[in-house]
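A.B. asks: curious how this folds, go ahead:
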Amino acid sequence: MQNDLIRNRLNTSAEIKVSISNDELLVSEIMKISNAMVNAFKSGNSVYFCGNGGSAADAQHLAAEFSGRFYIDRKPLPSEALHCNTSFLTAVGNDYGYENVYSRLIEAIGKPGDILVGISTSGNSPNILKAFATARAKEMITVCFTGQGGGRMAGTTDYLIQVPSADTPRIQESHITVGHIICEIVETTLFSK
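C.D. replies: As a prediction, this is how the structure comes out:
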């Protein structure tokens, strides 16, 4: 019984990734996001990530791939997950409401040409939606990683990765896979000899 569960979850995860691979629009969107990040880093801009719960962990993971390294031993790229300063997060959440934690930080540090990546399996996270509005006002580029349907974020972002699933763990697995591909393209483009 449990062996069937294991096989089912692995097969479902693989099938979703194959669906992404076969979707020319999604593949094209991944390339467009990669190019936008290459251009941002070349121009001295930063890439910021935000999410909630498991998506916050994914945001931190992907930011670290840029600011640390992915495959290539190279100079760090300016990238950060916005939730890493817990004093800021808890103070703003307490004083202004949790829906303002990311928008307030983008208001403080975001500049034109920077990129904000919001990760939300539902596409409806109020704090990310508000951060996107602030980012647009600051002439930043916005990228959303979400699930099937895209939620409210689908109409509020410059680039959209809509994983063809409504199953949160499977969506998150695909977000990391797509994020890793983007990291590899960006790193290879900027640093391959």
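A.B. asks: how near is residue 49 to residue 106?
C.D. replies: Remark: distance between residue 49 and residue 106 (Cβ to Cβ, to the nearest Å) = 12 Å. All C-beta atoms are positioned from the backbone trio N, CA, C, and that covers glycine.
A.B. asks: neighbour count winner among the two?
C.D. replies: Applying other Cβ atoms under 10 Å to residue 49 and residue 106 shows that residue 49 carries more neighbours, namely 29 against 23.
A.B. asks: in three-state terms, label the more buried one for me.
C.D. replies: Following DSSP: H, G, I helix; E, B strand; the rest coil, the label given to residue 49 is strand.
A.B. asks: before we move on, the earlier item: now list whatever residues contact both of residue 49 and residue 106.
C.D. replies: Overlap of the contact sets of residue 49 and residue 106 (by Cβ atoms under 8 Å, 6 or more residues apart in numbering) consists of 82, 116.
A.B. asks: what ranges do the helices span in this structure?
C.D. replies: Using DSSP state H, the helices found in the chain span residues 2-22, 24-42, 54-67, 86-96, 101-109, 126-137, 168-191.
A.B. asks: can you redo the ones you listed as a markdown table with distance to residue 162 and mean pLDDT?
C.D. replies: A markdown table is the format used below for the helices of the chain (distance: least, Cβ to Cβ, whole Å; pLDDT from 0 to 100):
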| stretch | distance to residue 162 | mean pLDDT |
| --- | --- | --- |
| helix 2-22 | 9 | 96 |
| helix 24-42 | 7 | 98 |
| helix 54-67 | 15 | 97 |
| helix 86-96 | 27 | 96 |
| helix 101-109 | 21 | 97 |
| helix 126-137 | 15 | 98 |
| helix 168-191 | 10 | 98 |
